[in-house]
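J.: prediction below, plus the sequence it came from.
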Amino acid sequence: MPQALPSPDLSVQLGRLQLRNPILVASGTFGYAREMEKLVRLDRLGGILPKTITLQPRPGNAPWRTVETTAGLLNSIGLDNDGIDAFIDGHLNYLRTLDTAIIVSIAGKSMAEFQELAQRIEQAGGATALELNISCPNVSGGVDFGTDPTLCRQVIEGVRSVCNLPLLAKLTPNVTSIATIAQAARDGGADAVSCINTLLGMAIDWRKAKPMLGNVLGGLSGPAIKPVALRCVYQVASSVDIPIVGIGGIATIDDVMEFFAAGASCVQIGTANYYDPTVSERLVDAVPLALQEIHAKNVREAVGTLVNP
């Protein structure tokens with residue numbers, strides 16, 4: 001009988017951040033993890049990104065906040081959250097008990113806000129890393145830091161100067177050159193970049209001649225944006241030497257492996273969590289067989305393998 005192939009090494013290194021496997025769940029799609037504990041064995045995931053938090057509580061945008069599209073979801077939540085105090089008092093105590101990486105997503109209106117958020121989270125303990133949400137398209141000023149290379153570098157430098165946690169910069173596709181923004185994030189000291197946040201879009205009720213979202217514009221996610229996300233990961237991987245977290249329309253093991261080939265070291269599952277809450281755990285199970293199929297001994301050997309014609 002032929003011998004069984006050894007199980008591939010699923011660990012992933014994102015700069016100073018080490019993950020047990022490459023399957024993470026994206027911020028805003030998994031609540032604060034407690035909501036999912038009866039559906040998913042949280043300790044099997046490579047990491048959890050709770051819902052983005054801000055310094056002050058935010059009520060979010062007016063309804064409607066979500067609209068289904070042909071191949072995805074248009075959302076305009078507006079970073080609805082109870083603020084940093086409620087997060088530390090009400091959620092972080094639970095999150096720190098989980099046996100997986102906790103990457104806290106933060107968003108600020110200024111560098112000072114990003115710095116204060118980072119400092120307070122680090123001091124509270126329990127966070128493995130931070131993801132700087134500099135790319136939310138449905139809040140006022142939400143993409144400023146993610147569309148200007150100088151501001152991007154400055155905000156990451158500012159957070160790095162007051163916080164020792166590993167930093168991920170979440171980038172927006174709503175720019176002319178995402179590679180330029182990724183280079184600025186690298187220069188600012190980011191350990192990795194997350195590609196991508198949602199694409200700016202809208203939905204219209206033509207009979208009423210009104211936008212369907214209360215905020216008029218929102219962020220498109222789901223299968224529709226996967227080709228754009230793959231393109232962004234490929235372009236960023238071709239221009240920077242720091243790790244990339246792939247995001248955008250990922251729901252199957254084929255999706256995961258395509259992002260690896262394009263240059264992502266790990267992936268975040270987002271919109272798929274809404275219609276299939278257990279998908280992330282099944283993908284963890286599927287990765288070893290997919291790696292064996294391409295004779296990869298570890299995740300690293302599957303990353304950036306795309307052969308150009």
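T.: Sure thing, it's come through. Everything numeric in this text was worked out from a predicted model, so none of it was measured.

J.: what does the pLDDT read for Pro63?
T.: On the pLDDT scale, Pro63 is placed at 96.

J.: that one contacts Gly214, doesn't it?
T.: Yes - using Cβ atoms under 8 Å, Pro63 is in contact with Gly214, at 5.1 Å. For every residue, glycine as well, the C-beta is placed using N, CA and C.

J.: higher neighbour count, these two?
T.: Comparing Pro63 with Gly214 by other Cβ atoms under 10 Å, the one with more neighbours is Gly214, at 14 against 11.

J.: quick one: the more buried one from Ala203, how far?
T.: Per Cβ to Cβ, to the nearest Å, Gly214 is found 11 Å from Ala203.

J.: for the closest residue to Arg34 other than its chain neighbours, grab phi and psi.
T.: In space, not counting the residues next to it along the chain, Arg34 is nearest to Tyr94; the distance is 5.5 Å by Cβ to Cβ, 6 or more residues apart in numbering. Dihedral pair for Tyr94: phi -70, psi -50, per degrees, to the nearest 10.

J.: give me the distance from stretch 281-291 to the chain's centre.
T.: Computed by Cα atoms, centre = their mean, to the nearest Å, the chain-centroid distance of stretch 281-291 equals 19 Å.

J.: I should have written stretch 259-266 there, sorry.
T.: For stretch 259-266, the separation from the chain centroid amounts to 14 Å (computed by Cα atoms, centre = their mean).

J.: mean confidence score for it?
T.: Stretch 259-266 comes out at a mean pLDDT of 98.

J.: list the contacts of that stretch.
T.: The contact list for stretch 259-266, computed with Cβ atoms under 8 Å, 6 or more residues apart in numbering, reads 12-14, 19, 21-24, 46, 192, 195, 229-230, 233-234, 236-238, 243-246, 250, 267, 299-300, 302-306.

J.: buried among these? Make that a PyMOL selection.
T.: Command for PyMOL, covering only those of the contacts of stretch 259-266 found buried under the criterion 16 or more other Cβ atoms under 10 Å:
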select buried, resi 12+14+19+21+22+23+24+46+192+195+229+230+233+234+236+237+243+244+245+246+250+267+299+300+302+303+304
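
J.: now the worst-scoring helix or strand of the chain on mean pLDDT: buried residues?
T.: In the chain, no helix or strand scores lower on mean pLDDT, DSSP states H and E than helix 144-147, which sits at a mean of 90. By neighbour count on 16+ other Cβ under 10 Å, the buried set for helix 144-147 is 145-147.
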